[in-house]
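> Following is a predicted model, sequence given first.
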Amino acid sequence: MKFKWTFPYLLFGASTLISSGLFAQQPNKEQLKANDNLSTTKADTALLAYASSMTYDAGTEYAFNNLFLDAKAENLCYTYTNNVTDSQSRIKGKRGTSTYRNSVRKELPGAPVGKHCLYGQYVNLDRALDEANDTLTIIPKSAKASCKMFKSEMRKKYSGPEYAECIFEGNCFESDSLYNAAFNAFVEKQQKQKGDKFDYTAAATEFSKKNFCADELAPGTILIVPRRRGARNQFHAIVLMGRGRIEKGNFVPDNSGRHIYAGLNRESIGDMFKSYDMTFVFAANIENIARVEYGKEFSRIEKMSNEQLVKYLKGGRYNETTLRKMARPALLRLARDKYFKINQPVPTNIRPTGEELCFNPQHGPQQLLAMNMMQKTR
């Protein structure tokens, strides 16, 4: 199952920045008219905007960097979940046959056949990282051994304050309304028990430690759920595909749909809340984890000295001599392009002195948006 995903929010964000006047130079009416056709040549792909200002604006650069980081983490998880369903399709048809074990081992080398639910998630996430040429280690190798080890190792690795939205444990509610109803009941009980000593903020903090809503979890979140309802020592690993529905055995995204999961070992896909006990859940929001890790990685690049940036960039479209003539804003933009794998034509009018990275004035924001597309399939 492969189809294109788009990121309309990126275009919206870029359009907002443009309309807010953050770009130093705006095209005239003739330029915009000339750009109209080009801006719609690949309407079915996500448009990743390139900072088109003639001068370096820290606020604009920061906003675009955040858009790119969000998209990079989201792309990783879409590739990952696609890998899981692809693995399912190659294994599922062999279930109940003599070739099942060999099929699992071929698809998931080294898998403990019959207990490969978590191992399969680990392998397919690693494949997604490899496909993106990323070097991150999101799941520690020791965590793939069992669901219990996964919970223990992920708690340990992502305990810092920057990972506040990454690890969830406890009762997973299907909707905000159900979560709020449970919270209000908890508050009412606490008020009766503590009287004048009741603290609303403390109560909210205490409740949130063991309760969360499924809509807080991004597609690609790995969940450890009870293997059967009421179980507290036997677990199963699944991945959240997102909200949607199942059509002919395939996941179809739909923001108003149900929470759909995919899993290995049982090679199944279905309604998460109808299939599993969601009152004793561990969830690792892989997209949020990746977003934090990518941010740290990119921050290290931004803190490089000019000499380090030149070394990071050389061997690509610019030679070392040209790079050394560029000022820091230009080097930072090129480093960003390399890190996020943004494909755009080589600017034709970089100033010989390298004073700043300039674009042809004929290139208005719409054209630059169209130039810098990141295409992704699922």
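Perfect, I can see it now. Residues are numbered from 1 along each chain as shown.
> going forward, measure contacts between C-alpha atoms and count neighbours the same way
Noted.
> And the helices in this structure?
Secondary structure of the chain (DSSP state H): helices located at 8-19, 29-36, 58-92, 100-107, 117-131, 147-157, 176-194, 200-209, 272-275, 286-302, 306-313, 320-324, 328-340, 365-371.
> Could you list which residues are in contact with the closest residue to R291 other than its chain neighbours?
Leaving aside its sequence neighbours, R291 sits nearest to A73 (CA to CA, 6 or more residues apart in numbering; 5.2 Å). Residues in contact with A73 (CA atoms under 8 Å, 6 or more residues apart in numbering) are E287, N288, A290, R291, Y294.
> do the same with G263
With CA under 8 Å, 6+ apart, G263 has these contacts: V84, Q88, C117, A237, I238, V239, I269.
> F173 versus that one, what's the distance?
Per CA to CA, to the nearest Å, G263 is found 20 Å from F173.
> Which residue is the nearest non-sequential neighbour of T279?
Nearest to T279 is N171, by CA to CA, 6+ apart, at 4.0 Å.
> so who does the one you found touch?
So N171 contacts K210, N211, F212, M278, T279, F280, V281 (CA under 8 Å, 6+ apart).
> repeat that for 10 Å
179, 208-214, 277-282 (CA atoms under 10 Å, 6 or more residues apart in numbering).
> Turn the helices of the chain into CSV, including mean pLDDT and distance to G220.
Listed next are the helices of the chain as CSV, based on pLDDT from 0 to 100; distance: least, CA to CA, whole Å:
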stretch, mean pLDDT, distance to G220
helix 8-19, 34, 19
helix 29-36, 34, 36
helix 58-92, 93, 5
helix 100-107, 96, 20
helix 117-131, 97, 9
helix 147-157, 97, 15
helix 176-194, 95, 20
helix 200-209, 94, 21
helix 272-275, 98, 13
helix 286-302, 97, 6
helix 306-313, 94, 31
helix 320-324, 85, 39
helix 328-340, 88, 20
helix 365-371, 36, 28
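> give me the number of residues near N65?
20 (other CA atoms under 10 Å).
> Tell me how many other residues crowd K148.
For K148, using other CA under 10 Å, the count is 16.
> And the furthest pair within the contacts of G263?
Pairwise distances across the contacts of G263 peak at 14.0 Å for Q88 and A237 (criterion: CA to CA).
> Looking at these two, which is more packed in?
Using other CA under 10 Å as the criterion, Q88 and A237 rank with A237 on top: 26 against 22.
> What residues sit buried inside the longest strand along the chain?
Longest strand in the chain by number of residues (criterion: DSSP state E): strand 235-247. Neighbour-count burial for strand 235-247, counted by 16 or more other CA atoms under 10 Å, picks out F235, H236, A237, I238, V239, L240, M241, G242, R243, G244, R245.
> by how many degrees do it and helix 58-92 diverge?
Strand 235-247 and helix 58-92 meet at an angle of 90 degrees, taking axes from the mean of the first three to the mean of the last three CA atoms, to 10 degrees as the criterion.
> tell me the mean pLDDT for strand 235-247?
The average pLDDT within strand 235-247 is 97.
> List the neighbouring strands of it plus their orientation.
Here strand 235-247 has these sheet partners by DSSP bridges: strand 222-226 (antiparallel), strand 250-253 (antiparallel), strand 258-263 (antiparallel).
> Contact partners for G120?
83-84, 87-88, 104, 107-109, 111-112, 126, 144, 237-238, 263-265.
> what do you get for S87?
Counted by CA under 10 Å, 6+ apart, S87 has contacts T81, S103, V104, E107, L108, G120, Q121, N124, G263, L264, E267.
> And the third one, how close does it get to I139?
The spacing between V104 and I139, counted by CA to CA, is 21 Å.
> Please apply the same query to L67.
In terms of CA to CA, L67 sits 24 Å off from I139.
> contacting residues for the closest residue to R232 other than its chain neighbours?
Counting by CA to CA, 6+ apart, P226 is the residue found nearest to R232 once chain neighbours are left out, at 6.3 Å. Each residue near P226 by CA under 10 Å, 6+ apart is listed here: 232-237, 276-282.
> and N265, what is it in contact with?
Per CA under 10 Å, 6+ apart, neighbours of N265: 88, 91-92, 95, 104, 112-120, 236-238.
> Please, a ChimeraX command that selects the buried ones among those residues?
Only the buried entries of the contacts of N265 go into this ChimeraX selection, using 16+ other CA under 10 Å:
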select :88,91,92,104,112,113,115,116,117,118,119,120,236,237,238
